[in-house]
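Asker: The following block contains a protein sequence and its predicted model.
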Amino acid sequence: MDENKRIGVILRHLRKKKKMSQIDLAKKAGVIQKTISDIERGKTSATINILDQIFSVLGYKLDPVKTDNTIKVIRE
């Protein structure tokens, strides 16, 4: 699975676990709903800053150390 799709699967899982809609998450993260949708479907390569904003709303953060070219999501 490529990195964009992997991040999208994680994002969708965490969003649904919090019982949030894409619109709710987008508003709280300061992005548009299409951004959330595109990330969840693996259709876009969002910047680290955008991903960090989104995951932060869900109570997670990105691991700043990338050793194998993958982004790690960890609980805050």
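Answerer: Structure's in. What do you need? Numbers count the residues shown, from 1 in each chain.
Asker: tell me the secondary structure for L51?
Answerer: helix (DSSP: H, G, I helix; E, B strand; the rest coil).
Asker: pretty sure it is touching I7, no?
Answerer: Yes - between L51 and I7 a contact is recorded at 6.9 Å, counting by Cβ atoms under 8 Å. In short, each C-beta sits where N, CA and C put it, glycine included.
Asker: Compare these two (neighbour count), which wins?
Answerer: I7 (24 against 20; other Cβ atoms under 10 Å).
Asker: so where's this structure shaky on pLDDT?
Answerer: Counting by pLDDT under 70, the low-confidence segments of the chain come to 64-71, 76.
Asker: now the strands for it?
Answerer: Using DSSP state E, the strands found in the chain span residues 60-62, 73-75.
Asker: Tell me which of these lies nearest to H13.
Answerer: strand 73-75 (10.0 Å; Cβ to Cβ).
Asker: burial of G8, as a residue count?
Answerer: 22.
Asker: residue contacts, it?
Answerer: By Cβ atoms under 8 Å, 6 or more residues apart in numbering, the residues touching G8 are I39, E40, R41, G42.
Asker: Are any of those residues buried, and if so which?
Answerer: By neighbour count, with 16 or more other Cβ atoms under 10 Å, the contacts of G8 hold I39, E40, G42 as buried.
Asker: Could you report the distance from the second one to K5?
Answerer: It refers to E40. Distance, E40 to K5, by Cβ to Cβ, to the nearest Å: 9 Å.
Asker: My read is that I23 contacts Q33, right?
Answerer: Yes - counting by Cβ under 8 Å, Q33 is a contact partner of I23 at 5.0 Å.
Asker: State which helix of this protein is the longest.
Answerer: Longest helix in the chain by number of residues (criterion: DSSP state H): helix 3-17.
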